[in-house]
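Asker: Got a sequence here, can you model it:
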Amino acid sequence: MKKFLLIAALSSFVFSKTVDFKTVLKEALNNNLELKAKKLNIDKAEAKLKQAKGMDWGKFIFSEEISRTNNALYVFGMKLESREATFRDFGFADFLSPLGSILADLAANNNAAAAQKLRGMGSLLDVEPKDLNYPGSRTNFKTKLVYELPIFTGFKITYAKKMAKLQVLANKYKYSQDRNKLAVEVLKAYNGAVAAKYFIDALKKAKETTTAFINMVRAFYKEGMATESDLLQVEKRDAQVSAMLIEAKNKYALALAYLRFLSDDNSISDVGDFEVIKFNNKSLDELKKIALQNRGDLKWMRENVETMKAKVKFDKADKYPMIGAHFEYGWNDNTLTLSSDKDYYLVAAGMNWKVFDKSVDAKVEESKIGALQTENYYRYMKKGIALEVEKAYLDYKAKRAIIKEKIKNKELAEAILKKYEFMYKQGMISMPILLMKEADLRKARAELIKARYDEAIAAAKLKEALGDLVKESK
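Answerer: Down below sits the predicted model:
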């Protein structure tokens, strides 16, 4: 049993660690599965760009078709394609048989019989040739190589490539913003865990205080200097603090679990101190300019605006003629072959021009509206970012100012509790008043912890609004 406990303790030591914010942020940016999934949007956009570029080269197709049929039209066509058609396939046998009989009569000087048969030759035109209409089944192998090349597409391919390039950039900027969002979420989770840890420490101090009160009141009670009511009240407060401590430990465990989830690191077991981002002395206007330069989502929207403008031109391309070339080389036979006797080639060029099509105009108009709509969203986003920066900046300044007051409030609450404890010992105040001052100190400590957490979150939100949290935290 002792050996098992030793192994368990060693395992806990090996597979657990204390992390600071920079460490857990690096792990999250490298390991977070959601972020990895979002990064694949860049790969998808690059694949579409390759697809657009590939259209310049046209298409090269190899095909092999194997068929078997007794359909008269198909069989005759297959024989023509393989250069095997004979006069018999046309049904000449049904024509030559009567003609042969006439020639035989003429050779035998049977002119009368020959003349009679010759008069009946007109009916041959109504004969349904058996060899032509009822051919035998045939298996055909058609092998071909086809190359199709767009010569002129009304610049459609050009704008398709441009849109694809813009979307690659757009998705890179979007991914940059996603990284910043994850960084803020990690910072919240990390500082939330730190705050929970500090709450545990604060409640442990409160527990020490209430335990000391119990010991003091019990001693006084034995000497007749305190009442049973005093003892019951302080024991009740001690139980309340114990419950709060259990709850704080549970919140800390949950905070660590969320941190492990974001970073995909199951060995995290503890955190360091608060991570508060510091800012240089910059004016609000300067911060707004930085945000408009850095924000990935704004750059993403800007590229979307350019993409929509390119789409208008892409749709306009339908008004131009489409010219393409078709090159084909192949073989046809009743077996697989590459024989030059069975080959063929085909070279063709074609043009398709929609001289009149009102649906194209409607499509272009729709694209113009979409481009205008996207541009309005872009302008709206710029204004929204400026407002977001101002709100985050003012909130950060307020949270920093509050910290000083909360520190002062905690220090005063500690000093007041000491004085009231002395006064209780002197019989100058009752136990409820002393416990009230203990609650005031506990509240002051909690408010200071929350104020430090709020300051850290406000700083993170300001950094997020500026769009460079990840860059600054590497």
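
Asker: and residue 348, that's in a helix?
Answerer: No - going by DSSP: H, G, I helix; E, B strand; the rest coil, the assignment for residue 348 is strand, not a helix.

Asker: in the stretch 51-200 of the chain, which spans are helices?
Answerer: Assigned by DSSP state H, counting those that start in this stretch, the stretch 51-200 of the chain shows helices spanning 72-81, 93-107, 111-119, 130-133, 156-222.

Asker: Buried deepest among the ones you listed, which one?
Answerer: Stretch with highest mean neighbour count among the helices of the stretch 51-200 of the chain: helix 156-222 (a mean of 20; mean count of other CB atoms under 10 Å). (Glycine included, C-beta is placed from N, CA and C.)

Asker: any idea how far residue 159 is from the residue nearest to residue 44 when sequence neighbours are not counted?
Answerer: Nearest residue to residue 44 in three dimensions, chain neighbours excluded: residue 171, at 7.7 Å (CB to CB, 6 or more residues apart in numbering). Going from residue 171 to residue 159 by CB to CB, to the nearest Å gives 19 Å.

Asker: and if you look at residue 39?
Answerer: Distance from residue 39 to residue 159, by CB to CB: 27 Å.

Asker: Next: residue 432.
Answerer: 80 Å.

Asker: Surely residue 407 and residue 448 touch.
Answerer: Yes - the pair residue 407 / residue 448 is scored as a contact, 6.2 Å apart, by CB atoms under 8 Å.

Asker: When those two are compared, which one has more neighbours?
Answerer: Set residue 407 next to residue 448 and count neighbours by other CB atoms under 10 Å: residue 448 wins out with 22 against 14.

Asker: The closest residue to the more buried one other than its chain neighbours: neighbouring residues, count only.
Answerer: Once flanking residues are discounted, residue 448 sits nearest to residue 406: 4.3 Å by CB to CB, 6+ apart. Residue 406 has 20 neighbours, counted by other CB under 10 Å.

Asker: I'd assumed residue 406 was in a helix, is it?
Answerer: Yes - applying three-state DSSP, one finds residue 406 inside a helix.

Asker: In contact with it, which residues?
Answerer: Shown in contact with residue 406 (CB atoms under 8 Å, 6 or more residues apart in numbering): 444, 447-448, 451.

Asker: what does residue 308 give?
Answerer: The contact partners of residue 308, taken as CB under 8 Å, 6+ apart, are 367, 370-371, 374-375.

Asker: so of these, which ones are in helices?
Answerer: Counting by DSSP state H, these place 367, 370-371, 374-375 in helices.

Asker: Neighbour count added to those residues, as CSV?
Answerer: Formatted as CSV, these follow (neighbours: other CB atoms under 10 Å):
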residue, neighbour count
367, 19
370, 15
371, 19
374, 18
375, 17
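
Asker: and those residues as JSON lines, adding distance to residue 390 and pLDDT?
Answerer: Listed next are those as JSON lines, based on distance: CB to CB, whole Å; pLDDT from 0 to 100:
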{"residue": "367", "distance to residue 390": "35", "pLDDT": "94"}
{"residue": "370", "distance to residue 390": "31", "pLDDT": "94"}
{"residue": "371", "distance to residue 390": "30", "pLDDT": "94"}
{"residue": "374", "distance to residue 390": "25", "pLDDT": "95"}
{"residue": "375", "distance to residue 390": "24", "pLDDT": "95"}
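
Asker: now, among those residues, which is nearest to residue 351?
Answerer: Nearest to residue 351 among the ones in helices among the contacts of residue 308, counting by CB to CB, is residue 367 at 24.6 Å.

Asker: if I read this right, the closest one contacts residue 315, doesn't it?
Answerer: Yes - Residue 367 lies in contact with residue 315 (CB under 8 Å); the separation is 4.8 Å.

Asker: For residue 233, which non-adjacent residue is closest in space?
Answerer: That would be residue 431: by CB to CB, 6+ apart, it lies 5.1 Å from residue 233.

Asker: okay, now the one you found: neighbour count?
Answerer: 19.

Asker: Quick check, it in contact with residue 229.
Answerer: Yes - using CB under 8 Å, residue 431 is in contact with residue 229, at 7.3 Å.

Asker: Could you dump the helices of the stretch 51-200 of the chain into JSON lines with distance to residue 461 added?
Answerer: JSON lines is the format used below for the helices of the stretch 51-200 of the chain (distance: least, CB to CB, whole Å):
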{"stretch": "helix 72-81", "distance to residue 461": "74"}
{"stretch": "helix 93-107", "distance to residue 461": "94"}
{"stretch": "helix 111-119", "distance to residue 461": "108"}
{"stretch": "helix 130-133", "distance to residue 461": "85"}
{"stretch": "helix 156-222", "distance to residue 461": "7"}
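
Asker: out of those, nearest to residue 142?
Answerer: helix 72-81 (7.5 Å).

Asker: What distance do you get for the residue nearest to residue 233 to residue 199?
Answerer: Distance of residue 431 to residue 199, given as CB to CB: 26 Å.

Asker: repeat for residue 383
Answerer: Residue 383 is 39 Å from residue 199, by CB to CB.

Asker: follow-up on the earlier one: who's in contact with the residue nearest to residue 44?
Answerer: 41-42, 44-45, 300 are the contacts of residue 171 under CB under 8 Å, 6+ apart.

Asker: Columns neighbour count, secondary structure and pLDDT on top of these, output as JSON lines?
Answerer: JSON lines is the format used below for the contacts of residue 171 (neighbours: other CB atoms under 10 Å; DSSP: H, G, I helix; E, B strand; the rest coil; pLDDT from 0 to 100):
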{"residue": "41", "neighbour count": "17", "secondary structure": "helix", "pLDDT": "95"}
{"residue": "42", "neighbour count": "18", "secondary structure": "helix", "pLDDT": "95"}
{"residue": "44", "neighbour count": "12", "secondary structure": "helix", "pLDDT": "95"}
{"residue": "45", "neighbour count": "19", "secondary structure": "helix", "pLDDT": "95"}
{"residue": "300", "neighbour count": "22", "secondary structure": "helix", "pLDDT": "94"}
